[in-house]
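Visitor: What would the 3D arrangement of this be:
(2 chains)
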2 protein chains.
Amino acid sequence: MKQGERTWAFPNPPVIIATGTVVGPDEGEGPLSADFDLVHPDMELQQPSWEKAERALLEQATDIAISNAKLKKDDIEYFVGGDLLNQIISSTFAARTIGAPYIGVFGACSTSMETLALASLMVASGAGDKVLAGTSSHNCTVEKQFRYPTEYGSQKPPTAQYTVTGAGAAVVARTGDGPKVTAATIGKVVDLGIKDPFNMGAAMAPAAVDTIQAHLQDTGREPGYYDLIVTGDLAGVGHPIARELLLRNGVPLQQTTFNDCGLMIYDVAKQKVQAGGSGCACSAVVTYGHLLRRMKKGELKRILVAATGALLSPLSFQQGESIPCIAHAVSIEA
Amino acid sequence: MKQGERTWAFPNPPVIIATGTVVGPDEGEGPLSADFDLVHPDMELQQPSWEKAERALLEQATDIAISNAKLKKDDIEYFVGGDLLNQIISSTFAARTIGAPYIGVFGACSTSMETLALASLMVASGAGDKVLAGTSSHNCTVEKQFRYPTEYGSQKPPTAQYTVTGAGAAVVARTGDGPKVTAATIGKVVDLGIKDPFNMGAAMAPAAVDTIQAHLQDTGREPGYYDLIVTGDLAGVGHPIARELLLRNGVPLQQTTFNDCGLMIYDVAKQKVQAGGSGCACSAVVTYGHLLRRMKKGELKRILVAATGALLSPLSFQQGESIPCIAHAVSIEA
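Guide: Residues are numbered from 1 along each chain as shown, chains lettered A, B, ... in the order given. Sure, this is the predicted structure:
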């Protein structure tokens, strides 16, 4: 199963038989709105707290994925979930609702592909079939937990990013119709010493570069193998840095399209999202909603999603630590 | 690889080729002191914060495990780690030091067996060899994060538990000398509505029962198959509840020894630990230090470790939620 240094290549590739994506109002005003299964008109979802709203997002996304797969909750053999909240409570409470055996993970915004990679490994190894991977984020829960009281409405520098409100889930199975997960490359912690939590794109860019290069090296592929290589949430500051670093390292990026989910989900020039989108849900809903829909239409045949995560905590920041970053990449082929 | 509802049975069982265990002063005063690789005389480890001390514990435990395996850091193909701190920063910063591809997980105190189960799956499936699993906890970081400012020295009811200061790590490999991981049973979230964070043993007991019964059912084993079935950190209140529930459900527990790491690590009657030990490190250091040493001596041949986790966050508690719990069980055989 292992190929090269840190890639899992799946000889019998697991299939993404269904997905579910749910987003909030800002994402609904973005250019990908029509690709999501459910768009909420507000951030509250009639819940008494933002945290409960985030949990509801994840419950809805997993529900939709299960229903799109024509399955029932009981058919789900394992749920691999994670999110940004302390003790990943959104995923845990969603797991309580789903009722399946649960593997909780944390990879900050790289959780989207960390869960998909692990679900795929479980299916490919015969440890399970019909494994659900899912993640969520909510602009107000993250603002409150990582930055300032949300109501304070603190101003942000233009390098900051806007956390996506949403959730994305995928059902991975041994057989079925749908795009296949052919490989996953596991990230290392990369930390070049950036300490500014309002510039996470720049902090995460080297991690994305590290994982993309490792993936290409491990698989012996050229960037041109993919119709699209997409990073998770580097946005307007980080993505050009990643591009420059890859080109400088001799990666022939011109063979492919290189984009970023954080740049795709919003109309960055028009919406008030600073440098672009971020959050676990960013790469999850763009991949499971938009990109897989494009694959279905035949517009894309092979994509590589390198989800990026900034693994800091408010406390590690307060204690003067730099921001450790990671990226996990998953190769999806029609 | 899958057996029954939610057990991974490994036909070519991965081997725990080495472990590393590091603890603090209270654990050093407990009855298992001689079984740990390193006992610190204080909680600070000459670090400027408790969080950095916790990270140092995990770095030391992983270092010792790698060195006991006669390997170098570079030989470690993956590190699967997690801990109790927000955004699992102890594991992430340790991963930065180790330098291996990193899978961060969160299962509260069940993280010890969650990481071992995943590391074993990776090795058994050929996704990797020499996979490091590790976790840590620190009494003062947990007190500060989950309860009150540590310096406040808040009084605890006798149902409360005392978080173990320590870290445990294991190197899992395809071949080599050592006990084998023959199976792992993944837990479901079990929540019977207990809301008292000072009685987590009682909250977690039903999760332990659920997973132990699932394991026995999935594998077709009787409790007597094991010389010892041990729960993670149910301690003085939770463990008798688990015993009673298992007996009431008709599990012939009298065939085996049924114990709890939280009761073993301290002299509960003499040390000021309320109902006993808890924390990710509790089951990790008792398993990797004490139990594997007893297996080496031939005193134990087959053990089942059901690590328990209370997946609450301070916020979910404040918002009136009950405590979602989980247990992951790993079967280790000489």
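
Visitor: State which one residue of chain A is found closest to chain B.
Guide: Nearest to chain B, among the residues of chain A, is A:Ser125, at 3.4 Å (CB to the nearest CB). Every residue, glycine included, has its C-beta placed from N, CA and C.

Visitor: so what's that residue up against?
Guide: A:Ser125 makes contact with A:Met1, B:Met1, B:Leu121, B:Ala124, B:Ser125, B:Gly126, B:Ala127, according to CB atoms under 8 Å, 6 or more residues apart in numbering or on different chains.

Visitor: are any of those buried, and which?
Guide: A:Met1, B:Met1, B:Leu121, B:Ala124, B:Ser125, B:Ala127 (16 or more other CB atoms under 10 Å in any protein chain shown).

Visitor: so whichever strand or helix holds the third one versus helix A:111-124, what angle?
Guide: Going back to what we said before, that points to B:Leu121. According to DSSP states H and E, B:Leu121 maps onto helix B:111-124. With axes from the mean of the first three to the mean of the last three CA atoms, to 10 degrees defining the directions, helix B:111-124 sits at 60 degrees from helix A:111-124.

Visitor: ok, the following helix or strand past helix B:111-124: who's next to it in the sheet?
Guide: Sequence order places strand B:131-137 as the next helix or strand after helix B:111-124, per DSSP H and E. Next to strand B:131-137 in the sheet, as set by DSSP bridges, lie strand B:78-83 (parallel), strand B:166-173 (antiparallel).

Visitor: Could you export the last one as PDB, CA atoms only?
Guide: Meaning strand B:166-173. Output of strand B:166-173 as PDB, limited to C-alpha atoms (Å, rounded to 0.1, in the frame of the first residue of the first chain):
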ATOM      1  CA  GLY B 166       3.300  11.500  31.900                       C
ATOM      2  CA  ALA B 167       3.600  10.300  28.400                       C
ATOM      3  CA  GLY B 168       3.700   6.900  26.700                       C
ATOM      4  CA  ALA B 169       4.800   5.900  23.200                       C
ATOM      5  CA  ALA B 170       5.100   2.700  21.300                       C
ATOM      6  CA  VAL B 171       6.800   1.700  18.100                       C
ATOM      7  CA  VAL B 172       4.700  -0.600  16.000                       C
ATOM      8  CA  ALA B 173       6.400  -2.600  13.200                       C
END
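
Visitor: helix or strand right after it?
Guide: The helix or strand immediately downstream of strand B:166-173 is strand B:180-185, counting by DSSP H and E.

Visitor: what does that following strand contact?
Guide: Strand B:180-185 is contacted from outside by B:3, B:6-10, B:13-16, B:113, B:116-117, B:120-121, B:172, B:211, B:214-215, B:218-219, B:328-334, using CB under 8 Å, 6+ apart.

Visitor: returning to that earlier point: which of the strands paired with strand B:131-137 is buried the deepest?
Guide: Stretch with highest mean neighbour count among the strands paired with strand B:131-137: strand B:166-173 (a mean of 33; mean count of other CB atoms under 10 Å in any protein chain shown).

Visitor: for the record, mean pLDDT for that strand?
Guide: What strand B:166-173 shows for mean pLDDT is 98.

Visitor: Next, the angle from that strand to strand B:180-185.
Guide: Calculated by the same axes, to 10 degrees, strand B:166-173 forms an angle of 110 degrees with strand B:180-185.

Visitor: chain center to strand B:166-173: distance?
Guide: When distances are taken as CA atoms, centre = their mean, to the nearest Å, strand B:166-173 is centred 10 Å away from the chain's centroid.

Visitor: same check, this time on stretch A:151-165
Guide: Distance, centroid of stretch A:151-165 to centroid of chain: 19 Å (CA atoms, centre = their mean).

Visitor: For that stretch, measure first residue to last.
Guide: With CA to CA, to the nearest Å as the measure, stretch A:151-165 spans 16 Å from end to end.

Visitor: buried residues in that stretch?
Guide: A:Lys156, A:Thr159, A:Ala160, A:Gln161, A:Tyr162, A:Thr163, A:Val164, A:Thr165.

Visitor: now swap in stretch A:285-303 and tell me
Guide: By 16+ other CB under 10 Å, the buried positions in stretch A:285-303 come out as A:285-295, A:300, A:302-303.

Visitor: Which residues of the stretch 201-334 of chain A lie near chain B?
Guide: Residues of the stretch 201-334 of chain A that fall close to chain B, judged by CB under 8 Å from any CB of the partner chain: A:Leu311, A:Leu312, A:Ser313, A:Pro314, A:Leu315, A:Ser316, A:Gln319, A:Glu321, A:Pro324, A:Ile326.

Visitor: now the third one, nearest residue through space, not along the chain?
Guide: This means A:Ser313. Using CB to CB, 6 or more residues apart in numbering or on different chains and skipping the chain neighbours, the partner closest in space to A:Ser313 is B:Gln87 (3.9 Å).

Visitor: pLDDT wise, what is the one you found at?
Guide: 98.

Visitor: burial of it, as a residue count?
Guide: The tally of other residues near B:Gln87 (other CB atoms under 10 Å in any protein chain shown) stands at 28.

Visitor: For it, which residues are in contact?
Guide: A:Asn86, A:Phe106, A:Ala108, A:Leu311, A:Leu312, A:Ser313, A:Ser316.

Visitor: So what does the third one have for phi and psi?
Guide: The reference is to A:Ala108. Backbone torsions for A:Ala108, taken as degrees, to the nearest 10, come to phi 50, psi -140.

Visitor: For burial, what's the neighbour tally of it?
Guide: A:Ala108 has 32 neighbours, counted by other CB under 10 Å.

Visitor: Just to check, it is in contact with A:Leu84?
Guide: Yes: at 6.4 Å, A:Ala108 and A:Leu84 qualify as touching, with contact defined as CB atoms under 8 Å.

Visitor: what is in contact with these two at once?
Guide: Here A:Ala108 and A:Leu84 have A:Cys280 as joint contacts, going by CB under 8 Å, 6+ apart.

Visitor: about what we covered before: ranking the residues of the stretch 201-334 of chain A next to chain B by neighbours, who comes first?
Guide: The residue in these with the most neighbours, by other CB under 10 Å, is A:Ile326 (32 neighbours).

Visitor: hmm, back to that, shouldn't the residue nearest to A:Ser313 be within a helix?
Guide: Yes: under DSSP: H, G, I helix; E, B strand; the rest coil, B:Gln87 falls within a helix.
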